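Colleague: coordinates only, no sequence provided:
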């Protein structure tokens, strides 16, 4: 799933909604029944799936760090 998410980093979303405190949540794509979304918060791009998996990319002086957090829920 991570590779699919990274491939979508620079593509336009299929749809957008404003959620919570004004977050622009973007639906990117669906694969095998799993939907992938992204939103921007504090300079970090957060990706998440409808299965509860998440990934955050953070830019800092030209470098990027990725964090993958997998849901324990099945």
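Modeller: Thanks, I have the structure now. This structure is a prediction, so every number in the text was calculated from the model and none was measured. Numbering: from 1, shown residues only.

Colleague: quick one: end-to-end distance for stretch 35-48.
Modeller: Start to finish, the residues bounding stretch 35-48 are 8 Å apart (CA to CA, to the nearest Å).

Colleague: do a quick rundown of the helices in this protein.
Modeller: 2-7 (DSSP state H).

Colleague: what's near enough to touch residue 20?
Modeller: Residues touching residue 20, when contacts are defined by CB atoms under 8 Å, 6 or more residues apart in numbering, are absent altogether. All C-beta spots, glycine's among them, are computed from the backbone N, C-alpha and C.

Colleague: need phi/psi at it.
Modeller: Comment: the main-chain dihedrals of residue 20 come out as phi 50, psi -120, following degrees, to the nearest 10.

Colleague: so how far is residue 11 from it?
Modeller: Between residue 20 and residue 11 the distance, using CB to CB, to the nearest Å, works out to 23 Å.

Colleague: go on, residue 51?
Modeller: When residue 51 is compared with residue 11 (using CB to CB), they lie 20 Å apart.

Colleague: okay, now the unreliable bits of this protein?
Modeller: Judged by pLDDT under 70, the chain has its weakly predicted residues at 1-10, 59-74.

Colleague: just the strands in it please.
Modeller: For the chain, the strands identified by DSSP state E occupy 15-19, 23-31, 34-41, 44-49, 54-60, 63-69, in order along the chain.
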